[in-house]
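K.L.:
any chance you could fold what I've pasted below:
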Amino acid sequence: MTLTNFVKNVQDIMRMDSGVDGDAQRISQLTWMLFLKIFDTKEQEEWAFEDDYDLKGPFVPEKYQWGNWAGVRKADRMSSDELIEFVEELFKELKNLSVDEHTDRRKILVRDVFEDSNNYMKSGVLLWQVIDKINEIDFGDYKERHAFNDIYETILKDLQSAGNAGEYYTPRAVTDFVIDRLNPQIGEKVADFACGTGGFLISALEHMKASKENLTTEESETIKNSLHGIEKKPMPHLLCCTNMILHDIDFPDILHQNSLATNVRDYPEEKKYDVIAMNPPFGGTEEEGIKMNFPAEYRTSETADLFMTLILHRIKKGGRVGIVLPDGFLFGNDNAKIVIKKKLLNEFNLHTIVRLPNGVFAPYTDINTNLLFFDYNGTGTEEVWYYEHQLPEGYKKYTKTKPIRMEEFKAEQEWWDKREENEFAWKVSKEEIIERDYNLDFKNRNVEEEDLDHPEVILKKYNEAVKEVEEIQEKIIAELRKLL
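P.N.:
The predicted structure is shown next:
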């Protein structure tokens, strides 16, 4: 069985189970099982040989280690009914692992992963079939484990058709491009406060690993310890932790909590970061208690605005930020947005906005989005450069079957250091932005194109069209009267 067929075969089995409803649950079911299998491989073949393992381990109690129940010979297996009962017991025990301040982080990770995970499968027969498929993969084989990284991308892309679960996935091309432009260096700390499945963090990991031909052991460890993520929802948190372990990060610093639940005034310098890259959820709302963690002038129900405020409080002086934001942030004029944009332009250098075309985040949203890049320089912005990302020839928009690709950002990469105006690039001064009441929604001024994005413009055009139709109707009626 090829790894490409693995995901399809497993999902086909799960579709026959009455307890699994939809792609999101199938992905969640598969991922906790993969996590336990991968974790067991690492524990048995690597961590068990650490000098202090006898004091810290086992991280998963022996009874519940994958190899001791799922990896046994078929002749020694428990029955299908016993399997379902055992898995229920396994979840109960792993959700309630005893931990304290001295507990190894890997054991804490197991508890956090299973705290909000669920077993959806009701058929022990089908569950054994899934287990058999998973056991065909040798995660102890370095090549096979890293080949599985590509298949993991397939699992993540399936989220795009899994309803609201799609919000957890940012196209790999976008995460790679943002990280490429931010250029994190070995020794710098990188954060994503709504990390989803860990796309930006993995792109940062690969970027730093590729920055030097021969990494020392110390440099490799420094890179692995430089990534910090926070994810509020259980399924993407589980996916992210599994993704990290697949990339040999044994101690993934991925917290399962709401990034907005801590007062932004309380972050000391050591809790700030050199590089922040993220795609915050937008269009959502937060409860009143969450808003109280922000200064009064920044309080809003819009989630993306709260994350922007969080970033402005958690980036180090000299730090760099790349963030995905909708058009609504650019032209929004409510009090909180104005305050955020004033702070952004007065204390940070908002040097680049890449305007993305429709379909980049298809199919779960068609909202127009932008990539904002800024540095914390303390002196503010003088001018903002805009670059209008071009669709490949023959494309009307990006789609699920025709997604954005990293090579399509080559034009931006070649332009980046030259900063010359052309048919796709233009610049705007800070004064122009202030004159427009901090509206950042500047269209390409090098191309004659009517701005039809705003409701008032659409309404004006509609009324003009209605008036023209009425005039034509009146002329036709007049001519008909003459004829009659």
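
K.L.:
how about the helices in the stretch 201-350 of the chain?
P.N.:
Ranges of helices in the stretch 201-350 of the chain, per DSSP state H, counting those that start in this stretch, are 217-224, 234-246, 288-291, 303-314, 327-331, 335-347.

K.L.:
the last one packs against which elements?
P.N.:
This means helix 335-347. helix 303-314, helix 430-435 (3 or more C-beta pairs under 8 Å, 6 or more residues apart in numbering; DSSP states H and E). The C-beta positions use only the backbone N, C-alpha and C, and glycine is treated the same way.

K.L.:
most tightly packed of those?
P.N.:
Greatest average neighbour count among these goes to helix 303-314 (a mean of 23), per mean count of other C-beta atoms under 10 Å.

K.L.:
relative to helix 335-347, how tilted is it?
P.N.:
Compare the direction of helix 303-314 with that of helix 335-347 by axes from the mean of the first three to the mean of the last three C-alpha atoms, to 10 degrees and you get 30 degrees.

K.L.:
need the mean per-residue confidence for helix 303-314.
P.N.:
Per-region confidence: helix 303-314 scores 95 on mean pLDDT.

K.L.:
helices or strands up against it?
P.N.:
Counting contacts by 3+ C-beta pairs under 8 Å, 6+ apart, helix 303-314 packs against strand 273-278, strand 315-326, helix 327-331, helix 335-347.

K.L.:
what does the pLDDT read for residue 21?
P.N.:
88.

K.L.:
cool, residue 449 as well?
P.N.:
Residue 449 is given a pLDDT of 53.

K.L.:
again, but for residue 431
P.N.:
The model reports residue 431 with a pLDDT of 97.

K.L.:
same check, this time on the one 5 residues further on
P.N.:
According to the predicted model, the pLDDT of residue 436 comes to 95.

K.L.:
ok, it - how many residues close by?
P.N.:
Residue neighbour count, defined by other C-beta atoms under 10 Å, stands at 14 for residue 436.

K.L.:
now it: phi and psi?
P.N.:
Main-chain dihedrals, residue 436, degrees, to the nearest 10: phi -90, psi 20.

K.L.:
on the three-state scheme, residue 127 is what?
P.N.:
helix (DSSP: H, G, I helix; E, B strand; the rest coil).

K.L.:
and it, how close does it get to residue 9?
P.N.:
14 Å (C-beta to C-beta, to the nearest Å).

K.L.:
so for those two, which sits in the more crowded spot?
P.N.:
Shown here are residue 127 and residue 9; by other C-beta under 10 Å, residue 127 has more neighbours (23 against 16).

K.L.:
wait, that one touches residue 83, no?
P.N.:
Yes: with contacts counted by C-beta atoms under 8 Å, residue 127 reaches residue 83, the gap being 5.9 Å.

K.L.:
quick one on the thing from earlier: out of the helices of the stretch 201-350 of the chain, which is closest to residue 109?
P.N.:
helix 234-246 (6.2 Å; C-beta to C-beta).

K.L.:
the inter-axis angle of the closest one versus helix 217-224?
P.N.:
With the same axes, to 10 degrees defining the directions, helix 234-246 sits at 170 degrees from helix 217-224.

K.L.:
chain center to helix 234-246, what's the gap?
P.N.:
On the basis of C-alpha atoms, centre = their mean, to the nearest Å, helix 234-246 sits 12 Å off its chain's mean C-alpha point.

K.L.:
having no further points to raise, I will conclude here.
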